[in-house]
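Undergrad: pasting the sequence and the predicted model now:
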Amino acid sequence: MTTSPLAQLAEQTDELLATIAAFESLDALRDAEPFVVGKRSILSTLQKSLGALEPEARRDAGAQLQGARRTVETALEARRHELARAARAQALEADRLDLGDVVVGAVSVPIGVGHSSLVASTQRQLEDVFVAMGFTVSDGPEVESDWYNFEALNIPPAHPARGLWDTFYVELGEPETVVLRTHTSPTQIHLMENAVATNALPVHSVMPGRCYRRDTPDARHLATFHQIEGLVVDRGITFADLAGVIETFTRAYFGPDVESRLRPAYFPFTEPSAEFEVTCTICRGEGCRTCSNTGWIELGGCGMLDPAVLEAVGIDGDEWSGFAFGFGIDRCAQMRHQIADMRALIENDVRFLRQFS
Ligand code: DAH
């Protein structure tokens, strides 16, 4: 009695599966492939030996061998995928750029993460001061129509006060009808319009944001700068409320060492109006280049809402009154941190910027 050529098939298959599982790399697998499933494999040798069998036995053995081959081929493909995936992951890991470190020669130097700019953190601190006083924070567009930036603020076309704001015009619509806002005051108008439309008076809000003027930068001015606007519309508001808010703000933000004062001034949208100044912190009031030898630095303007402005937005001036103010955020930062020249804020000198992390 002859033994079947497939007598050892189960063990031989197990051996092949063990060989496959032991491949450690795609190269090793590729090199060994002819010996596992190819022409030089035991499976091919067995296949050839089936020729000597009777037809019926050959058919059975053929099917058995075919099953074993499928098992081995499936295992081989699975291992090939596994190894390929591992190789890809390894390549990715090798290529990974660690942005936390810069390698200088053989030394790895941590570069750390950045931090908010001085202006951004100042804006947040100012918001905090006003939020603590019960104000909400709002914002508005940087590109405005002439109506919001000027007319609704009681500055009609050709009004001489327009000269106070050297304006960048945007080429949209009729010439000189769309502007980059020259101050945050137009946001007051949006806010009051919304409050009227939604029946949401009174309003106590501050509105920080970026502004633009065709100014030549100098120690106290930038062409792109930031203001924080304040607006209160309520019943029975007086100038004493305005003075109290400004005094509280000055103490909270600058501390007790900085003196402030209000000086009579003119703004078309407030009556009476005042300029808000603090002692120059560069020279402590002695007079220097930063304050043009006056000893004072203007932080912004303020005043009681002009009835013409209330009328422009449809608020009844007999029932409601209010005040507004607009301070330079960059100026506040400049005075609090004794920065002699405001242009330092935009020069990107990391030795300067790092001081405010
Ligand atoms: N918008 C004015 C400016 O940029 C500052 C200002 C003055 C704002 C008086 C006000 C205000 O709200 O009442 O020159």
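TA: Alright, I've got the coordinates.
Undergrad: bridged to the nearest residue to residue 324 once chain neighbours are set aside, which residues?
TA: Of all residues not flanking residue 324 in the chain, residue 231 sits nearest, at 5.0 Å (C-beta to C-beta, 6 or more residues apart in numbering). To be clear about C-beta, it is placed using only N, CA and C from the backbone, and glycine gets the same treatment. For residue 231, the beta-bridge partners under DSSP bridges are residue 205, residue 324.
Undergrad: same question, residue 264
TA: With DSSP bridges as the rule, residue 264 is bridged to residue 274.
Undergrad: gap between the residue nearest the centre of the chain and residue 350?
TA: Residue closest to the average C-alpha location in the chain (C-alpha atoms, centre = their mean): residue 116, at 9.9 Å. Between residue 116 and residue 350 the computed distance is 14 Å (C-beta to C-beta, to the nearest Å).
Undergrad: quick check: mean pLDDT across stretch 47-66?
TA: What stretch 47-66 shows for mean pLDDT is 89.
Undergrad: the lowest-mean-pLDDT helix or strand in the chain: what's the following helix or strand?
TA: The weakest-scoring helix or strand in the chain, judged by mean pLDDT, DSSP states H and E, is strand 101-104 (a mean of 66). Using DSSP states H and E, the next helix or strand after strand 101-104 towards the C-terminus is strand 107-110.
Undergrad: show residues contacting the helix or strand following that next one.
TA: Next along the chain after strand 107-110, taking DSSP H and E as the criterion, comes helix 118-132. Helix 118-132 has contacts (C-beta atoms under 8 Å, 6 or more residues apart in numbering) with 115-116, 137, 206, 208, 226, 228, 230, 249, 252-253, 327, 329-330, 332-333, 336-337, 345, 353, 356.
Undergrad: now do the helices in the stretch 151-300 of the chain.
TA: Secondary structure of the stretch 151-300 of the chain by DSSP state H, counting those that start in this stretch: the helices cover 185-197, 239-254.
Undergrad: off-centre distance for the shortest one?
TA: Here the centre of helix 185-197 is set off from its chain's centre by 26 Å, with C-alpha atoms, centre = their mean, to the nearest Å.
Undergrad: what residues of that helix count as buried?
TA: By 16 or more other C-beta atoms under 10 Å, the buried positions in helix 185-197 come out as 185, 186, 187, 188, 189, 190, 191, 192, 193, 195, 196.
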